[in-house]
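Participant: missing the sequence, but the structure's below:
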Ligand SMILES: Cc1ncc(COP(=O)(O)O)c(C=O)c1O
């Protein structure tokens, strides 16, 4: 396998369906860095799309994986139990509050499917409320509740019936033209109005929401919205299910994003980082809910793989250790301050937002419209400086930053410097 062959093999052998944004072939990763087969070094602010909470090949996680591989690979949690999965459940329970029982599967989409099935199973009701702008995955059930971009749904209909989309509280672009000072939660009132017009509330099983919207634009909802939504669910008897596939496991500076709002869902969905960079996803709910999901009603061959559980556990012990999440909060504050200073110099950064180390900038034209062209120019400039970032949002005008949670200040400084140069360069060309 020479390097020329490796570089051409992807296009030769793979479908074009996933939107791969680079043709880089990586040989190894260490911390924040990825190294190509030609020995080039990249700063990686994507980190396996927020799955590597502690960066590439963290030595403790690698050691846990190797140890587990020597002991037991796949046996199927459907058939037998093993220590790594049981210990991970015990450790997770220290953080999940009332949600004290678990189901283990492999990916974000699968855990969303699991949550939808559980909600329908135990309520006997079919209707689901999801959100405009939400992303929950690519399988049919998950795509049915995804409202972040029509491209995820194009040519795949029919979807699950009885899925309704409510407006997400996207305050920077409030659908109801309010400002935080004038906000009376019109977006929630709109959903309540829908209950009068065409969504019989008696048929609703669950409200499914990302407590910080990911793929749709890194949008942090106001606390009062989250409180009011929780109250609505309690009053009407709807289940409240949070998709924390992207926000969970310390990304926002709390173990789970819902903790920022002083509320708790009935069902919690975790993916990405929960396996320490290996495929694992977890559904958590309280035993009154879980005990109504009888044997045989759900399952997974690979779900709760021993290696992913071992690495997930090793990571949780680090992220959950005293002081770690405080440092995520502090680093996040520092990073947003730097982004805000950049915004003062470059007002084309319309919004700086985020929690912990889940942050983004939204690029706008002088009249406030989305600016995907400038966003693409900034991303390309960063790429030319060997810095990898991802965009999000339906119009591709938001750049999101997903550094490892143990990132150090000089690395963030380097990113800020590169962004500064990129914005200055884009001014000259666009
Ligand atoms: C919030 C959220 N839910 C679900 C998913 C789907 O996860 P996966 O790609 O592992 O199926 C993602 C992936 O980006 C996500 O961000």
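Facilitator: Thanks, I have the structure now. These figures come from a predicted structure and were not determined experimentally. Numbers count the residues shown, from 1 in each chain.

Participant: was I right about residue 222 contacting residue 183?
Facilitator: Yes - Residue 222 lies in contact with residue 183 (Cβ atoms under 8 Å); the separation is 6.9 Å. Yep, even glycine has a C-beta here, placed from its N, CA and C like the rest.

Participant: what touches both of the two?
Facilitator: residue 171 (Cβ atoms under 8 Å, 6 or more residues apart in numbering).

Participant: Any idea how many residues pack against residue 334?
Facilitator: Look at residue 334: counted by other Cβ atoms under 10 Å, it has 13 neighbours.

Participant: could we number from 72 for the rest of this?
Facilitator: OK, 72 is where the count begins now, so the last one is residue 405.

Participant: Now do the contacts for residue 425.
Facilitator: The neighbours of residue 425, taking Cβ under 8 Å, 6+ apart as the test, are 283, 289, 291, 403, 407, 431, 472.

Participant: Tell me the secondary structure of it, please.
Facilitator: Reducing the assignment at residue 425 to three states with DSSP: H, G, I helix; E, B strand; the rest coil gives strand.

Participant: pLDDT score assigned to it?
Facilitator: Note on residue 425: pLDDT of 98.

Participant: what's the answer for the one 10 residues further on, then?
Facilitator: You'll see residue 435 listed with a pLDDT of 98.

Participant: That one and the ligand, how far apart?
Facilitator: 24 Å (Cβ to the nearest ligand atom, to the nearest Å).

Participant: before we move on, what about residue 275?
Facilitator: Distance from residue 275 to the ligand, by Cβ to the nearest ligand atom: 21 Å.

Participant: Touching, that residue and residue 191? I think so.
Facilitator: No - taking contacts as Cβ under 8 Å, residue 275 lies outside contact range of residue 191: 10.8 Å.

Participant: and the two? which has more neighbours close in?
Facilitator: Between residue 275 and residue 191, counted using other Cβ under 10 Å, residue 275 has the larger neighbour count: 23 against 18.

Participant: Specify the beta-bridge partners of that one.
Facilitator: Counting by DSSP bridges, residue 275 forms beta bridges with residue 198.

Participant: ok, now which ones touch it?
Facilitator: By Cβ under 8 Å, 6+ apart, residue 275 lies in contact with 196, 198-200, 307, 309.

Participant: and if you look at residue 159?
Facilitator: By Cβ under 8 Å, 6+ apart, residue 159 lies in contact with 380, 383-384, 387.

Participant: Now with 10 Å, please.
Facilitator: Residue 159 makes contacts with 173, 175, 345-347, 351, 353, 375, 379-387, as judged by Cβ atoms under 10 Å, 6 or more residues apart in numbering.

Participant: In helices, which of those residues appear?
Facilitator: Among the contacts of residue 159, DSSP state H puts 379-387 in helices.

Participant: Can you report how many residues lie near the residue nearest to residue 294 when sequence neighbours are not counted?
Facilitator: In space, residue 294 comes closest to residue 332 once its chain neighbours are excluded; the distance is 5.2 Å by Cβ to Cβ, 6 or more residues apart in numbering. Neighbour count for residue 332, taken as other Cβ under 10 Å: 20.

Participant: residues contacting residue 332?
Facilitator: Per Cβ under 10 Å, 6+ apart, neighbours of residue 332: 282-283, 291-298, 300-301, 325.

Participant: Could you check which helix or strand contains residue 421?
Facilitator: Element membership of residue 421 [criterion: DSSP states H and E] is strand 420-426.

Participant: now do residue 306
Facilitator: helix 294-307.

Participant: Packing partners of the helix or strand following that helix?
Facilitator: For helix 294-307, the succeeding helix or strand toward the C-terminus, using DSSP H and E, is strand 310-314. Secondary-structure packing of strand 310-314 (3 or more Cβ pairs under 10 Å, 6 or more residues apart in numbering; DSSP states H and E): helix 179-194, strand 198-202, strand 275-280, helix 294-307, strand 338-341, strand 352-356.

Participant: hmm, 7 Å instead?
Facilitator: helix 179-194, strand 275-280, strand 338-341 (3 or more Cβ pairs under 7 Å, 6 or more residues apart in numbering; DSSP states H and E).

Participant: Quick check: which of those has the most neighbours on average?
Facilitator: Counting by mean count of other Cβ atoms under 10 Å, strand 338-341 has the highest mean neighbour count of those, with a mean of 28.

Participant: quick one: that strand near the ligand?
Facilitator: No - for strand 338-341, no contact with the ligand is found by Cβ under 6 Å from any ligand atom; the gap never falls below 7.2 Å.

Participant: and that strand, average pLDDT?
Facilitator: pLDDT averaged over strand 338-341 gives 99.

Participant: Okay, now the sheet partners of that strand, with direction.
Facilitator: strand 310-314 (parallel), strand 352-356 (antiparallel).

Participant: Tell me the spacing between the residue of the stretch 122-271 of the chain found nearest the ligand and residue 289.
Facilitator: In the stretch 122-271 of the chain, the residue that lies nearest the ligand is residue 179 (2.0 Å; Cβ to the nearest ligand atom). Going from residue 179 to residue 289 by Cβ to Cβ, to the nearest Å gives 16 Å.

Participant: next one: residue 331
Facilitator: Using Cβ to Cβ, we find residue 331 at a distance of 14 Å from residue 289.

Participant: Same drill for the two, tell me which one is more crowded.
Facilitator: Neighbour count, other Cβ under 10 Å: between residue 331 and residue 289, residue 289 has more, with 26 against 19.

Participant: Wait, that one touches residue 433, no?
Facilitator: No - Residue 289 is not in contact with residue 433 according to Cβ atoms under 7 Å; the separation is 8.3 Å.

Participant: circling back: please identify the pairing partners of the strand holding residue 421 and their relative orientation?
Facilitator: Checking strand 420-426 against DSSP bridges gives partners strand 429-434 (antiparallel).

Participant: Geometric centre of the chain: which residue is closest?
Facilitator: residue 317 (1.8 Å; Cα atoms, centre = their mean).

Participant: Leaving out sequence neighbours, find the closest residue to that one.
Facilitator: Leaving aside its sequence neighbours, residue 317 sits nearest to residue 285 (Cβ to Cβ, 6+ apart; 3.9 Å).

Participant: now the one you found: how far from residue 121?
Facilitator: Distance from residue 285 to residue 121, by Cβ to Cβ: 8 Å.
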